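Undergrad: Need coordinates for the following:
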Amino acid sequence: MLEVLTQKLTTVFDKLKGKGKLTEGDIDEALRQVRLALLEADVNFKVVKEFLSHVKERALNAEVLGSLTPAQQVIKIVNEELIAILGKERSHLISVPSLPSVALMVGLQGSGKTTTGVKLAVWLRQEGQRPLLVAADTRRPAAIEQLKLLGKQQDIPVYSEAVTLDDSSEVMPTTICLHAVEKTKELAPTWVIVDTQGRLHIDEAMMAELADIKSALQPSEVLLTVDAMTGQEAVKIAQEFHSRIGLTGIVLTKMDGDARGGAALSIRSVTGVPVKFLGIGEKVDALEPFFPDRLASRILGMGDILSVIERVEKTIDQEQAKNLENKVRTTGFDLQDLLDQIGQIGKMGALGQLIESLGFSKLAPNLSDDDGEKRLRNMEAIILSMTHEERHNPAIINGSRRRRIARGSGTMPQDVNQLLNQFNQIRKMTKLAVRGKLPKNRMNIFGGWHHSK
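TA: Residues are numbered from 1 along each chain as shown. Next comes the predicted model:
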């Protein structure tokens with residue numbers, strides 16, 4: 001996410017840190033480089049101009065220039081101003097006292113609107129809510145089938161009505177939505193998420209239909225899904241939707257791709273509509289609330305530890321973690337435990353994102369998500385090719401066993417050797433941690449593995 005922008009800004013501020021005392025010329029040159037980086041990231045030029053004006057005014061303060069750590073002061077100012085243009089604070093979903101609350105999902109075709117609706121439902125359920133999905137995209141019957149399939153996979157109810165290409169023009173989406181509201185009396189959801197039709201471009205028919213649905217349902221949320229990779233086009237789309245039907249929030253999708261970041265940095269400032277969620281992957285749990293301070297921190301290469309902690313709490317089996325800790329304290333850590341931990345890490349998302357979130361943005365480009373996933377899959381295949389006895393007692397793995405394991409896992413004997421060597425390093429680390437009175441639920445089994453890589 002925003003790797004290129006992060007790398008460029010990190011380079012600029014690293015140069016500042018190496019100067020000690022700063023002059024006005026130093027700050028002007030640094031801000032010139034920041035300006036170029038932001039414009040290349042497709043940030044709206046008016047937003048860039050206003051942002052740099054605020055930063056320069058504060059950075060040229062005598063207290064900053066006279067500080068013992070002026071570069072750090074400038075970075076602090078940049079961070080604060082980034083947070084300001086991103087929206088200052090997290091914007092929560094708006095619910096209503098008389099349940100259910102309704103979220104209207106709008107957007108152009110191809111923006112990820114349907115899958116985002118499902119992701120939002122999954123997220124709401126994790127928050128203790130009871131979501132109901134409504135398939136109201138009668139223009140594209142495939143979208144209805146997609147929503148029904150995804151809803152079934154996630155065990156989330158979906159309200160839909162039979163639509164064919166021949167009669168789709170006669171089935172009114174507003175009617176479907178009203179029927180869905182009647183259905184809520186039976187299902188008692190706390191949130192109703194309506195997937196509306198999208199088109200390749202904005203037109204009068206689509207806007208009129210959305211206005212009708214909004215008037216009939218009186219939703220507490222009208223969420224626009226836009227593709228972050230389209231840059232300033234996303235901002236223009238948001239402006240148009242907001243002026244025509246009124247938005248309450250924005251969901252930026254494909255933030256895990258090669259998005260240059262301009263949409264994320266411009267859209268709130270230009271439209272006045274808060275970004276509420278970021279889509280960070282294809283999986284149904286790859287949706288996270290938007291925190292301006294956390295994104296600003298990641299843009300400046302300082303990581304986002306809080307998001308990682310929240311992801312860990314949602315994905316790691318706490319009972320399994322407790323059992324593993326007890327085992328390490330008593331009988332020791334074996335290859336079966338390592339296999340279980342690989343499965344847990346896989347649930348947390350792409351490795352590149354995790355590394356970036358932990359503040360190691362300089363390492364992220366060197367470890368692509370594909371490379372990281374490949375390494376984990378190779379480790380998994382090697383361990384799965386071992387017998388039960390070998391997993392629990394790796395010391396018995398000799399040369400012939402290594403060759404058999406390599407053949408079974410589609411790897412080379414040296415790959416098996418590497419895994420065993422690194423496993424032994426991890427085992428030594430856990431033993432040292434136990435001797436040092438390892439605190440409960442603070443054990444990082446993979447610390448040695450990632451470090452050695």
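
Undergrad: Specify the beta-bridge partners of residue 250.
TA: Beta bridges link residue 250 to residue 224, residue 275, judged by DSSP bridges.

Undergrad: With residue 422 as the reference, measure out to it.
TA: 43 Å (Cβ to Cβ, to the nearest Å). From N, CA and C alone the C-beta is placed, and that goes for glycine too.

Undergrad: Looking at the two, which one has more neighbours?
TA: Neighbour count, other Cβ atoms under 10 Å: between residue 250 and residue 422, residue 250 has more, with 29 against 17.

Undergrad: which residues touch the more buried one?
TA: Contacts for residue 250 (Cβ atoms under 8 Å, 6 or more residues apart in numbering) come out as 223-226, 238, 267-268, 271, 273-276.

Undergrad: Tell me which two of those sit farthest apart.
TA: Farthest-apart pair in these is 225 and 268; separation 15.7 Å (Cβ to Cβ).

Undergrad: For these two, indicate the residue with more neighbours.
TA: residue 225 (27 against 23).

Undergrad: quick one: that one and residue 148, what's the gap?
TA: Relative to residue 148, residue 225 is positioned 19 Å away (Cβ to Cβ).

Undergrad: Kindly report the same for residue 415.
TA: Residue 415 sits 43 Å away from residue 148, going by Cβ to Cβ.

Undergrad: Which one of the two is surrounded by more residues?
TA: Ranked by neighbour count (other Cβ under 10 Å), residue 415 and residue 148 place residue 415 first, with 19 against 15.

Undergrad: lowest-confidence helix or strand of the chain?
TA: Every helix and strand of the chain was ranked by mean pLDDT, DSSP states H and E. The lowest is helix 447-452, at a mean of 35.

Undergrad: In the stretch 151-300 of the chain, mark out all the strands, start to finish.
TA: With DSSP state E, counting those that start in this stretch as the criterion, the stretch 151-300 of the chain has strands at 158-159, 191-195, 221-227, 249-253, 275-279, 287-289.

Undergrad: a markdown table for those, including mean pLDDT and distance to residue 144?
TA: As requested, the strands of the stretch 151-300 of the chain are exported to a markdown table (pLDDT from 0 to 100; distance: least, Cβ to Cβ, whole Å):
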| stretch | mean pLDDT | distance to residue 144 |
| --- | --- | --- |
| strand 158-159 | 96 | 9 |
| strand 191-195 | 97 | 8 |
| strand 221-227 | 95 | 17 |
| strand 249-253 | 94 | 20 |
| strand 275-279 | 94 | 21 |
| strand 287-289 | 92 | 21 |
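
Undergrad: I'd like those as TSV, with distance to residue 53 appended.
TA: Below are the strands of the stretch 151-300 of the chain laid out as TSV (distance: least, Cβ to Cβ, whole Å):
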stretch	distance to residue 53
strand 158-159	49
strand 191-195	40
strand 221-227	27
strand 249-253	25
strand 275-279	23
strand 287-289	30
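
Undergrad: closest one to residue 20 among the ones you listed?
TA: It's strand 275-279; of the strands of the stretch 151-300 of the chain, that one is closest to residue 20 (Cβ to Cβ) at 37.6 Å.

Undergrad: now the angle between strand 221-227 and the closest one, please.
TA: Calculated by axes from the mean of the first three to the mean of the last three Cα atoms, to 10 degrees, strand 275-279 forms an angle of 40 degrees with strand 221-227.

Undergrad: So what's the gap between stretch 211-220 and the chain middle?
TA: The chain centroid and the centroid of stretch 211-220 are separated by 29 Å under Cα atoms, centre = their mean, to the nearest Å.

Undergrad: I'd like the average pLDDT over it.
TA: The average pLDDT within stretch 211-220 is 94.

Undergrad: Kindly report the same for stretch 25-41.
TA: Rounded mean pLDDT across stretch 25-41 is 90.

Undergrad: Just the buried positions in it, please.
TA: 26-27, 30-31, 33-35, 37-38, 41 (16 or more other Cβ atoms under 10 Å).

Undergrad: and which of those residues is nearest to residue 64?
TA: Using Cβ to Cβ, residue 27 is the member of the buried residues of stretch 25-41 that sits closest to residue 64, with 8.7 Å.

Undergrad: In this structure the closest one contacts residue 58, no?
TA: No: between residue 27 and residue 58 there is no contact under Cβ atoms under 8 Å: 10.4 Å.

Undergrad: residue contacts, residue 52?
TA: With contacts defined as Cβ under 8 Å, 6+ apart, residue 52 is in contact with 31, 34-35.

Undergrad: Quick check, pLDDT for it.
TA: For residue 52, the model assigns a pLDDT of 94.

Undergrad: ditto for residue 441
TA: At residue 441, the model reports a pLDDT of 42.

Undergrad: again with residue 173
TA: Looking at residue 173, its pLDDT stands at 91.

Undergrad: residues contacting it?
TA: Contact analysis of residue 173 by Cβ under 8 Å, 6+ apart lists 136-138, 196-197, 209, 212-213.

Undergrad: Distance of residue 223 relative to residue 119?
TA: Counting by Cβ to Cβ, the gap from residue 223 to residue 119 is 11 Å.

Undergrad: out of those two, which sits in the more crowded spot?
TA: Neighbours per residue (other Cβ under 10 Å) separate residue 223 from residue 119, with residue 119 holding more: 28 against 25.

Undergrad: Make sure that one is indeed in a strand.
TA: No: read with DSSP: H, G, I helix; E, B strand; the rest coil, residue 119 is helix and lies in no strand.

Undergrad: Verify the stated contact: it with residue 279.
TA: Yes: shown here, residue 119 and residue 279 form a contact pair, counting by Cβ under 8 Å, at 6.8 Å.

Undergrad: give me phi/psi at the residue sitting nearest the centre point of the chain?
TA: Closest to where the C-alpha atoms of the chain average out (Cα atoms, centre = their mean) is residue 280, at 3.3 Å. The phi/psi pair for residue 280 (degrees, to the nearest 10) reads phi -120, psi 20.

Undergrad: these two touch, right, it and residue 251?
TA: No: assessed by Cβ under 8 Å, residue 280 is found out of contact with residue 251, at 11.2 Å.

Undergrad: got any residues that touch both of these two?
TA: By Cβ under 8 Å, 6+ apart, the residues touching both residue 280 and residue 251 are residue 287.

Undergrad: any chance you could map the strands in the stretch 1-150 of the chain?
TA: Secondary structure of the stretch 1-150 of the chain (DSSP E, counting those that start in this stretch): strands at 101-106, 131-135.

Undergrad: other SSEs contacting the shortest one?
TA: Meaning strand 131-135. Strand 131-135 sits against helix 113-126, helix 141-153, strand 158-159, helix 173-187, strand 191-195, with contacts defined as 3 or more Cβ pairs under 8 Å, 6 or more residues apart in numbering; DSSP states H and E.

Undergrad: and the last one with strand 101-106, angle?
TA: Between strand 191-195 and strand 101-106, the angle comes out at 20 degrees (the same axes, to 10 degrees).
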